[in-house]
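Q: 3D, please:
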Amino acid sequence: MPRRPHTKSRHGCARCKRKKVKCDETRPQCKRCFTVDAECEYVALSRPPVRVPTATNHSPQGHEAGQYSAYSLVSSQAFSTNGDRTNFVDGNGTFGYLCNFLNSQTSSSRDLNLTDLKLMRQYCTSTFHSLDLDGVTMKEWQVIVPEIAEQYPFLMHGILSASALHLAVIVTDNAERVKWRSLSLGHLDLGLTVYMSLLGSITPENCNALFAFSGLLPLLSFGYPITDGTITQPPQGSPQAIDGIISLITLLRGIHTILNTSSRWVADGPLRNIIRMRERTAEPRLDVSEDTKRQLQQLCALNETLQKEEPEKQAILDQVIGKLQNIFYLLHVEPERPSALMMWPLGVNESYLLLLKSGDSMAMVLLAYWGATFKYLDNVWALHGWGRYIVDAACSTLDEKFGEILRWPREQVELQTGD
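A: Numbering: from 1, shown residues only. So this is what the prediction gives:
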């Protein structure tokens, strides 16, 4: 019977030596010490042998098993060859300086989510611009909001959701679009669950995180219908199209209410500039282009004609026309700040939404005029095509006698009469 090979070693850890048991010499912690969660200390009698990973040992599984560490590799000099590949570790040479900072107790995490890192890079280099529509709150969305998210994971999920949705919109490959959309929805689910649970307990501590997450929601709400093809399909008089737009307006109004709940605290914090932009208003006036002024006058005249027997209804719709007038004024004097168009759904009253739901003709005309203002934001990935979609949806519910009053909004979004 052949003799068994000699396997004794003097390089085991101090604890195994005291116990007089065989040590497998795995560093920084041998298997026996790891099992009982004991401190594992090696006393170097001479440079201990180390296992140098070959090409097949470079897999993530091998690293996660804790087989190698920089400390164990550079604690000696090792040389191995694998075909035409050479692995060389010199503890006293190339990497010696760095390894002076390491020891056998150095802990490190090998988990690295490259997808999340890609999404964060996407947000910090591109997606944040979509939240800074006027170009005046760049620092808040690019720097401060991610800093807040470090303390509030639900906000981080919101950021990653927006980035993934951005990628889903801009990629051309359908499989990639499905992948990024799915990731976006997953992050939204995780973030929204916590966000909703905190709305009943807004505090000075969490108000900025909740405020920032609320600011992400409109972007997501407009973006998802683009990824599933809804916006590219002609509404053709579909009641579902109008119902969807009304639901979106309702969501925007609800988010605005939530934002107002915490605004007194946010106004004194790092996101105060965003609050100031949201509070921008305009006095009713006709300081707009002659073309726009003419359209507003025609709207008022049409409303007076249609509601001759219903003064209360006329007053409701006149108020909506006044809100449109404010938006047209802001877009006229500050075209570089197109976020003003988002103020219209926040300013109209609930009675107008009820008229929309009932299919009221004048309410639909005014919806088309709001949709026309989206031409100012058609270059934003989450809003591209929305103006055309809203105008088309509203126009498709109206008969030919409204053709002339609808000509202007159709022209603004390049929607021809025959479309």
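Q: and Ala382, how far is that from Tyr195?
A: Using Cβ to Cβ, to the nearest Å, one obtains 19 Å as the distance from Ala382 to Tyr195. In this view, the C-beta of every residue, glycine as well, is placed from N, C-alpha and C.
Q: repeat for Leu219
A: Using Cβ to Cβ, one gets 15 Å for the distance from Leu219 to Tyr195.
Q: Tell me where the stretch 151-300 of the chain has helices.
A: 153-170, 174-198, 207-227, 239-266, 272-278, 290-306 (DSSP state H, counting those that start in this stretch).
Q: Worst mean pLDDT among those?
A: Mean pLDDT across the helices of the stretch 151-300 of the chain is lowest at helix 272-278; the value there is a mean of 82.
Q: Can you find the helix or strand in the chain with the smallest mean pLDDT?
A: Ranking every helix and strand in the chain by mean pLDDT, DSSP states H and E puts helix 60-64 at the bottom, with a mean of 41.
Q: Quick check: which of the helices of the stretch 151-300 of the chain is nearest to Gly135?
A: helix 272-278 (10.5 Å; Cβ to Cβ).
Q: and for that closest one, what are the contacting residues?
A: The contact list for helix 272-278 (Cβ atoms under 8 Å, 6 or more residues apart in numbering) reads 134, 136-137, 140-141, 211, 215, 259, 263, 266-267, 339.
Q: ok, the residue nearest the centre of the chain - contacts?
A: With distances taken as Cα atoms, centre = their mean, Ala162 lies nearest the centre of the chain, 1.9 Å away. Residues in contact with Ala162 (Cβ under 8 Å, 6+ apart) are 123, 127, 130-131, 184, 216, 219-220, 223.
Q: For the residues you listed, give me a markdown table that also has neighbour count and distance to Pro235.
A: As requested, the contacts of Ala162 are exported to a markdown table (neighbours: other Cβ atoms under 10 Å; distance: Cβ to Cβ, whole Å):
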| residue | neighbour count | distance to Pro235 |
| --- | --- | --- |
| Tyr123 | 26 | 32 |
| Thr127 | 26 | 28 |
| Ser130 | 21 | 25 |
| Leu131 | 24 | 28 |
| Ser184 | 25 | 25 |
| Leu216 | 25 | 27 |
| Leu219 | 22 | 22 |
| Leu220 | 19 | 22 |
| Gly223 | 25 | 19 |
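Q: Spatially nearest residue to Leu190 (excluding sequence neighbours)?
A: Once flanking residues are discounted, Leu190 sits nearest to His157: 4.5 Å by Cβ to Cβ, 6 or more residues apart in numbering.
Q: Tell me how many other residues surround that neighbour.
A: 24 (other Cβ atoms under 10 Å).
Q: That one and Leu185 touch, don't they?
A: No - using Cβ atoms under 8 Å, His157 is not in contact with Leu185, being 11.0 Å away.
Q: How is the protein divided into domains?
A: 14-99, 114-244, 290-412 (automatic domain parsing).
Q: and of the ones you listed, who's closest to Leu271?
A: domain 114-244 (5.5 Å).
Q: Quick one: end-to-end distance for the closest one.
A: In domain 114-244, first residue to last residue: 36 Å (Cα to Cα, to the nearest Å).
Q: For stretch 14-29, buried residues please.
A: Residues of stretch 14-29 classed as buried: 15-16, 23, 25-29 (neighbour count, 16 or more other Cβ atoms under 10 Å).
Q: Between the two ends of it, what distance do you get?
A: The first residue of stretch 14-29 is 11 Å away from its last residue (Cα to Cα).
Q: how about the strands in this structure?
A: Secondary structure of the chain (DSSP state E): strands located at 77-82, 85-90.
Q: Rounded mean pLDDT for the first one, please.
A: Right, the one you point to is strand 77-82. 44.
Q: again, but for stretch 384-400
A: The pLDDT scores in stretch 384-400 average 94.
Q: Contacts for it next, please.
A: 169, 222, 226, 230-232, 234-238, 241-242, 245, 359, 361, 364-365, 367-368, 370-375, 377-378, 402, 406, 409-410, 412-415, 419.
Q: Quick check: the gap between Ile170 and Val178.
A: From Ile170 to Val178 the distance is 14 Å (Cβ to Cβ).
Q: do the same with Ile390
A: Distance of Ile390 to Val178, given as Cβ to Cβ: 26 Å.
Q: Who has more neighbours out of these two?
A: Shown here are Ile390 and Val178; by other Cβ under 10 Å, Ile390 has more neighbours (26 against 14).
Q: Kindly provide the distance from Ile212 to Ser197.
A: If you look again at residue 212, you'll see it is Ala, not Ile. For Ala212, the distance to Ser197 - Cβ to Cβ - is 17 Å.
Q: which one of these two has more residues nearby?
A: The residue with more neighbours, out of Ala212 and Ser197, is Ala212; 25 against 10, by other Cβ under 10 Å.
Q: Might you report the residue contacts of that one?
A: Residues near Ala212 by Cβ under 8 Å, 6+ apart: 145, 148-149, 155, 158, 271.
Q: CA atoms of stretch 338-349 as CSV?
A: Output in CSV follows, covering the C-alpha atoms of stretch 338-349 (Å, rounded to 0.1, in the frame of the first residue of the first chain):
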residue,chain,number,x,y,z
PRO,A,338,-41.9,75.7,-20.3
SER,A,339,-42.9,74.0,-17.0
ALA,A,340,-45.6,76.6,-16.8
LEU,A,341,-47.9,74.4,-18.8
MET,A,342,-48.0,72.0,-15.9
MET,A,343,-49.7,74.7,-13.8
TRP,A,344,-53.0,74.5,-15.8
PRO,A,345,-54.3,71.1,-14.5
LEU,A,346,-53.4,72.3,-10.9
GLY,A,347,-55.4,75.4,-11.3
VAL,A,348,-58.7,74.2,-12.8
ASN,A,349,-61.5,73.3,-10.5
